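Asker: structure for the following, please:
(2 chains)
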Amino acid sequence: MALHEKISSILATEPLGSKVTVKGWVRTFRSNRFVAVNDGTTLQSIQAVVDYEREDEALLAKLSPGAAVSISGEVVESQGKGQRVEIMAESIEVHGTSDPERYPLQPKKHSLEFLREIAHLRFRTNTFGAIFRIRHTLSFAIHKFFHDRAFYYLHTPIITASDAEGAGEMFRVTTLPAGDPPRREDGTVDFTKDFFQQETNLTVSGQLEAELGALALSRVYTFGPTFRAENSNTSRHLAEFWMIEPEVAFANLKDNQDLAEEMLKYLIKEVLAAHPEDLQFLNDRLQQEESQKPAHQRSSMGLIEKLEFCVAEDFERLTYTEAIRILQNSKPNKKKKFQFVIEDWGADLQSEHERYLVEKHCKKPVILTDYPTQIKSFYMRLNDDQKTVGAMDVLFPGIGEIIGGSQREERLDVLERRMAEMNIPQEELSWFLDIRRFGTCPHAGFGLGFERMVQFVTGMSNIRDVIPFPRTPGNVSF
RNA sequence: GCCUCCUUAGCUCAGCUGGUUAGAGCGGCGGACUGUUAAUCCGUAGGUCCAAGGUUCAAGUCCUUUAGGGGGCGCCA
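Answerer: Residues are numbered from 1 along each chain as shown, chains lettered A, B, ... in the order given. Here you go, the predicted structure:
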């Protein structure tokens, strides 16, 4: 395939003297002479120098921010200071003009909130260019990580009939007419007339299906869209997000923690290696943003420093019981500074407690394990103490829970008892129980919130800024 | 869903305890200049102060309601 040159490769190889053609979008046009062209392949724009005395004035007038152009010319050493090479433009073609009076992106800093309202154009900014290049690298690295470790990528269904996963409110999927659906005699909607002849929803997790794959293929992972119809209004939640769910047969909670830690470090390393420039830009952006904040709200580390730190340090591993003890003895708990003061073992941990453990006490990523049975899901393996389950949460600074996982309950009798206790209908999940009936084995897995990972690596504080088109309550534009 | 803050020009924001014709920077338009780096300089246009009610001699400013957005909490990844 013979394509025109990417600006990233021209800037990397600096082929002085050769003729090139670049195609991209105008960022700025200065002094009637310097066109900064960006094609999204790198943070940097390339400078094309036009001879304004020879070029048609009408053509130059079209070189406003946002215009799509092809520019051909010779790569030369730059006379100016800001760049090493530039292109002496010999021919310029404007493919699409961009009315400067109506184009919303100016060569200046825009607020993230404003850019969110023009999500279709925000890819053209330095910040979002960097974010989405990094997002790609992360998603590619996930496949590479698992592929290299003999995991099979399993496509679990997006439409599901089970509503017993317990991971949250679901979006209904139906082809029945909204206004006048067929009804049974008692007036309820007759879903046997629906497309699947029963009620269906969008998936909230591929875990249960991934377990089925793992108990045959040994190691599988899913990576797909996930939907939660919760009315969540936070900087960490989306109604549509992407989740990675590895599931490993013959693995216990320790293996699970090791896998999670190894994966997170691998992903961070890949991004550090592939995107030094984009990360530096985001690092500086974050630093500038934080300099506006009062001193006590600023983070102690810069973005790149934080990423390198996370790769170098072992994650802190604590049991829930140990965490409760730490929290009970903590200053904010004793001085009743927590909104929810920790009284007894068994209490659910709130964000403020997780944040204290990660950001104040351990000062590094934390893996919390072995939570009380009653605050966790039915499928988590009951520990020998009968009070706790083999659950694990990986907590990251600034983000909170980035991974939630567990060793699964593989013993049929125990699982059935727990489902009964928690009122989980067993008929619907007969396939899930069959796996315990025929050749069951210890297994474990976890779910990684992909956007939370992108947030962490890019330092973006709002999850809506790390997915191209965010879906949140009341928001499905674009 | 709960708590809290915000909404003034295309964008970012100022407008003090209510008091004449609502301001700045950037952007636009016109011009000058031309090796610039979010170019610079001169000039100029641009506003239903989110919407609807209310208090007052007087509301961008105070009160109520509504809409949109930010932050925090809950639910979680």
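Asker: all helices for chain A, in order.
Answerer: All helices of chain A, identified by DSSP state H, fall at A:7-13, A:57-60, A:112-117, A:126-148, A:207-217, A:253-274, A:276-291, A:303-312, A:320-328, A:331-334, A:351-355, A:412-421, A:430-437, A:450-458.
Asker: domain assignment for chain A?
Answerer: Using automatic domain parsing, the domains assigned to chain A come out as A:3-108, A:124-169+A:204-465.
Asker: beta-bridge partners for the spatially closest residue to A:T21 that is not a sequence neighbour, please?
Answerer: Once flanking residues are discounted, A:T21 sits nearest to A:S72: 4.3 Å by CB to CB, 6 or more residues apart in numbering. Any C-beta I mention is one placed from the backbone N, CA and C, and that applies to glycine too. According to DSSP bridges, the residues that bridge with A:S72 are A:T21, A:S91.
Asker: and A:S72, what is it in contact with?
Answerer: Counting by CB atoms under 8 Å, 6 or more residues apart in numbering, A:S72 touches A:19-22, A:89-91.
Asker: pick the one among the residues you listed closest to A:G346.
Answerer: A:G346 lies nearest to A:V22 out of the contacts of A:S72, by CB to CB, at 62.7 Å.
Asker: just to revisit the earlier point, next, format the helices of chain A as a markdown table and append mean pLDDT, mean neighbour count and distance to RNA strand B.
Answerer: Shown next, in a markdown table, are these (pLDDT from 0 to 100; neighbours: other CB atoms under 10 Å; distance: least, CB to the nearest atom of the strand, whole Å):
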| stretch | mean pLDDT | mean neighbour count | distance to RNA strand B |
| --- | --- | --- | --- |
| helix A:7-13 | 95 | 17 | 13 |
| helix A:57-60 | 87 | 11 | 9 |
| helix A:112-117 | 92 | 14 | 3 |
| helix A:126-148 | 97 | 18 | 10 |
| helix A:207-217 | 96 | 21 | 8 |
| helix A:253-274 | 98 | 19 | 10 |
| helix A:276-291 | 90 | 16 | 10 |
| helix A:303-312 | 95 | 17 | 16 |
| helix A:320-328 | 95 | 18 | 13 |
| helix A:331-334 | 90 | 14 | 13 |
| helix A:351-355 | 93 | 18 | 4 |
| helix A:412-421 | 94 | 15 | 16 |
| helix A:430-437 | 95 | 15 | 16 |
| helix A:450-458 | 97 | 25 | 5 |
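Asker: export those helices to CSV and append columns for distance to A:A229.
Answerer: Conversion of the helices of chain A to CSV gives the following (distance: least, CB to CB, whole Å):
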stretch, distance to A:A229
helix A:7-13, 40
helix A:57-60, 52
helix A:112-117, 21
helix A:126-148, 24
helix A:207-217, 18
helix A:253-274, 27
helix A:276-291, 32
helix A:303-312, 33
helix A:320-328, 29
helix A:331-334, 34
helix A:351-355, 22
helix A:412-421, 23
helix A:430-437, 22
helix A:450-458, 17
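Asker: for A:S31, which of the ones you listed is the nearest?
Answerer: helix A:57-60 (11.2 Å).
Asker: what separates that closest one from the chain centre, distance-wise?
Answerer: 43 Å (CA atoms, centre = their mean, to the nearest Å).
Asker: what residues does that helix touch?
Answerer: A:29, A:32, A:50, A:52, A:92, A:94.
Asker: spit out the contact partners of the residue of the stretch 51-200 of chain A found nearest RNA strand B.
Answerer: Per CB to the nearest atom of the strand, the residue of the stretch 51-200 of chain A with the smallest distance to RNA strand B is A:G80, at 2.1 Å. By CB under 8 Å, 6+ apart, the residues touching A:G80 are A:34, A:47, A:86.
Asker: please verify my assumption that the last one contacts A:I71.
Answerer: No. Checked against CB atoms under 8 Å, the pair A:E86 and A:I71 is beyond contact range at 10.8 Å.
Asker: pick out whichever of those two has more residues nearby.
Answerer: Neighbours were tallied for A:E86 and for A:I71 using other CB atoms under 10 Å; the higher tally belongs to A:I71 (25 against 22).
Asker: spatially, what comes nearest to the more buried one if we skip its sequence neighbours?
Answerer: A:A48 (4.6 Å).
Asker: which residues touch that neighbour?
Answerer: With CB under 8 Å, 6+ apart, A:A48 has these contacts: A:22, A:34-35, A:37, A:71, A:73, A:86-89, A:92.
Asker: contacts with RNA strand B among the residues you listed, please.
Answerer: Residues of the contacts of A:A48 in contact with RNA strand B (CB under 7 Å from any atom of the strand): A:34, A:86.
Asker: please convert the buried members of the contacts of A:A48 into PyMOL selection syntax.
Answerer: Of the contacts of A:A48, the buried ones go into a single PyMOL selection, burial set by 16 or more other CB atoms under 10 Å:
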select buried, chain A and resi 22+34+35+37+71+73+86+87+89+92
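Asker: format the contacts of A:A48 as TSV; extra columns: pLDDT.
Answerer: Output for these, formatted as TSV (pLDDT from 0 to 100):
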residue	pLDDT
A:V22	95
A:F34	93
A:V35	94
A:V37	95
A:I71	95
A:G73	94
A:E86	95
A:I87	96
A:M88	95
A:A89	94
A:I92	93
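Asker: A:D393: which of the contacts of A:A48 is nearest?
Answerer: The shortest approach to A:D393 among the contacts of A:A48 belongs to A:V37, at 45.9 Å (CB to CB).
Asker: what's near enough to touch that closest one?
Answerer: A:V37 sits next to A:7, A:22, A:24-27, A:45-48, A:69, A:71 when contact means CB under 8 Å, 6+ apart.
Asker: restricted to strands, list those residues.
Answerer: A:22, A:24-27, A:46-48, A:69, A:71 (DSSP state E).
Asker: farthest-apart pair in these, please.
Answerer: Longest distance between any two of those is 14.1 Å, between A:W25 and A:Q47; criterion CB to CB.
Asker: sorry, back to before: and the residue nearest to A:I71, what are its bridge partners?
Answerer: A:A48 forms beta bridges with A:V35, A:I87, as assigned by DSSP bridges.
Asker: tell me the buried residues in stretch A:190-198?
Answerer: Those would be A:191, A:194, for stretch A:190-198 by 16+ other CB under 10 Å.
Asker: so how far is that stretch from its chain's centroid?
Answerer: Using CA atoms, centre = their mean, the offset of stretch A:190-198 from its chain centre is 35 Å.
Asker: and that stretch, end to end?
Answerer: Across stretch A:190-198, the terminal residues are separated by 8 Å (CA to CA, to the nearest Å).
Asker: contacting residues around that stretch?
Answerer: A:159, A:161, A:174-176, A:181-184, A:199-200.
Asker: go with 7 Å
Answerer: Stretch A:190-198 is contacted by residues A:161, A:174-176, A:182-184, A:199 when judged by CB atoms under 7 Å, 6 or more residues apart in numbering.
Asker: need the residues of the stretch 351-478 of chain A near RNA strand B, please.
Answerer: Contacts of the stretch 351-478 of chain A with RNA strand B, taken as CB under 7 Å from any atom of the strand, map to A:351-352, A:355, A:400-404, A:447-449, A:451-452, A:461-464, A:473-475.
Asker: quick check on the residues you listed: which are buried?
Answerer: A:355, A:400-404, A:447-449, A:451-452, A:463-464.
Asker: reformat these as JSON lines; add distance to A:H361.
Answerer: Below are these laid out as JSON lines (distance: CB to CB, whole Å):
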{"residue": "A:R355", "distance to A:H361": "10"}
{"residue": "A:G400", "distance to A:H361": "15"}
{"residue": "A:E401", "distance to A:H361": "17"}
{"residue": "A:I402", "distance to A:H361": "18"}
{"residue": "A:I403", "distance to A:H361": "19"}
{"residue": "A:G404", "distance to A:H361": "21"}
{"residue": "A:G447", "distance to A:H361": "25"}
{"residue": "A:L448", "distance to A:H361": "24"}
{"residue": "A:G449", "distance to A:H361": "23"}
{"residue": "A:E451", "distance to A:H361": "27"}
{"residue": "A:R452", "distance to A:H361": "21"}
{"residue": "A:I463", "distance to A:H361": "25"}
{"residue": "A:R464", "distance to A:H361": "30"}
